[in-house]
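Asks: Return atomic coordinates for the entry below.
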Amino acid sequence: MVLTIPNSNSLQNQVKGWLSSANGIAGSFRLEPTDGIAIKISLTPPYKVQNTWITGTVTEVIIFVGRIQTYNPTLLVFTKENHFVAVHIKGEKLVTFLKENKLYSSELNLGS
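Replies: So this is what the prediction gives:
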């Protein structure tokens, strides 16, 4: 662990936004990038989601953002029902979060 970010209401709302911005299933067995960052966030209280890509009560997510151009931002989603799914999310929703928490780098591939 390099940095601890307070799990505030603002952060919880950002995670809900990322969950709603899912735009496809991550089609790889290797979810984490070889070079980049990972951020683990617990949802308190758990958040119920039902969309094309995610169905269930989400308890925790891990965001992966890589530096490699072929790696798109990925959200690993864990549910109360003991399911998990990895989805791609839109990068523009991450930029503000990364900048606010001093994690932003122009080298990160935030997708299109």
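Asks: any weak-confidence spans in this structure?
Replies: Under the criterion pLDDT under 70, the flagged ranges of the chain are 1-2, 29, 91, 112.
Asks: For it, which segments count as helices?
Replies: Shown for the chain, the helices assigned by DSSP state H span residues 9-20, 92-100.
Asks: Show me what the lengthiest strand in the chain is packed against.
Replies: Using DSSP state E, we find that the single longest strand of the chain is strand 36-50. Contacts defined by 3 or more C-beta pairs under 8 Å, 6 or more residues apart in numbering; DSSP states H and E place strand 36-50 against helix 9-20, strand 55-66. For the C-beta atoms, the positions are set from N, CA and C on the backbone; glycine is no exception.
Asks: between those, which gets nearest to residue 27?
Replies: Residue 27 sits nearest to strand 55-66 of all these, at 14.2 Å, using C-beta to C-beta.
Asks: Give me the helices and strands touching that closest one, please.
Replies: Applying 3+ C-beta pairs under 8 Å, 6+ apart, we find strand 55-66 packed against helix 9-20, strand 36-50, strand 74-79, helix 92-100.
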